[in-house]
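[1] Need a 3D model of the sequence below.
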Amino acid sequence: MNDAAVQGYGKPTVTGGLRGEIQEELAEDEAAEDVAAVGRGSLPFTGVDLALLSAGGGFLLLLGWGLRRFARVRP
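    Below is the predicted model of the structure:
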């Protein structure tokens, strides 16, 4: 009974036992997750993907400009 998992659920009873208490706790957690998931459809937009794409595009533009500048044939 000194196990941390057992202490979180209290003492086992004869009728439901520890398994019943664990199942009740899991059912409550699932219900709370279902209620919380109703309001959101996906992860929020943070702008990180837009910043990465912009940085990649800027790098490619600079690379193209540099190659064009140094690849010119000079008389």
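[2] what about this structure, any weak spots by pLDDT?
    For the chain, the stretches flagged by pLDDT under 70 are 1-20, 32-43, 75.
[3] rerun at 80
    Within the chain, the segments meeting pLDDT under 80 span 1-45, 72-75.
[4] mind listing the helices for it?
    Under the criterion DSSP state H, the chain carries helices at the ranges 4-7, 17-38, 48-70.
[5] how close does Ala31 get to Ile22?
    Counting by Cβ to Cβ, to the nearest Å, the gap from Ala31 to Ile22 is 15 Å. C-beta coordinates here come from the backbone N, C-alpha and C atoms, glycine included.
[6] Compare these two (neighbour count), which wins?
    Remark: of Ala31 and Ile22, Ile22 carries more neighbours, 16 against 10, as counted by other Cβ atoms under 10 Å.
[7] What about Arg72? Give its phi and psi, please.
    Note on Arg72: backbone dihedrals following degrees, to the nearest 10 are phi -70, psi 150.
[8] Tell me how many other residues crowd it.
    Other residues close to Arg72 by other Cβ under 10 Å number 7.
[9] who's in contact with it?
    Not one residue lies near Arg72 by Cβ atoms under 8 Å, 6 or more residues apart in numbering.
[10] and Ala27, how many neighbours does it have?
    Counted by other Cβ under 10 Å, the residues lying close to Ala27 total 10.
[11] swap that for Ala55, please
    Number of residues near Ala55 (other Cβ under 10 Å) recorded here: 10.
[12] Relative to Leu61, how far out is Leu52?
    Taking Cβ to Cβ as the measure, Leu52 and Leu61 are separated by 15 Å.
[13] now Leu50
    Computed with Cβ to Cβ, the distance linking Leu50 and Leu61 is 16 Å.
[14] just Glu30 next, same as before
    In this structure, Glu30 lies at 49 Å from Leu61, with Cβ to Cβ as the measure.
[15] for Glu25, same thing?
    When distances are taken as Cβ to Cβ, Glu25 and Leu61 turn out to be 55 Å apart.
[16] again with Ala71
    Applying Cβ to Cβ, one obtains 16 Å for the distance of Ala71 from Leu61.
[17] what's the answer for Ala27, then?
    If you measure Ala27 against Leu61 using Cβ to Cβ, the figure is 55 Å.
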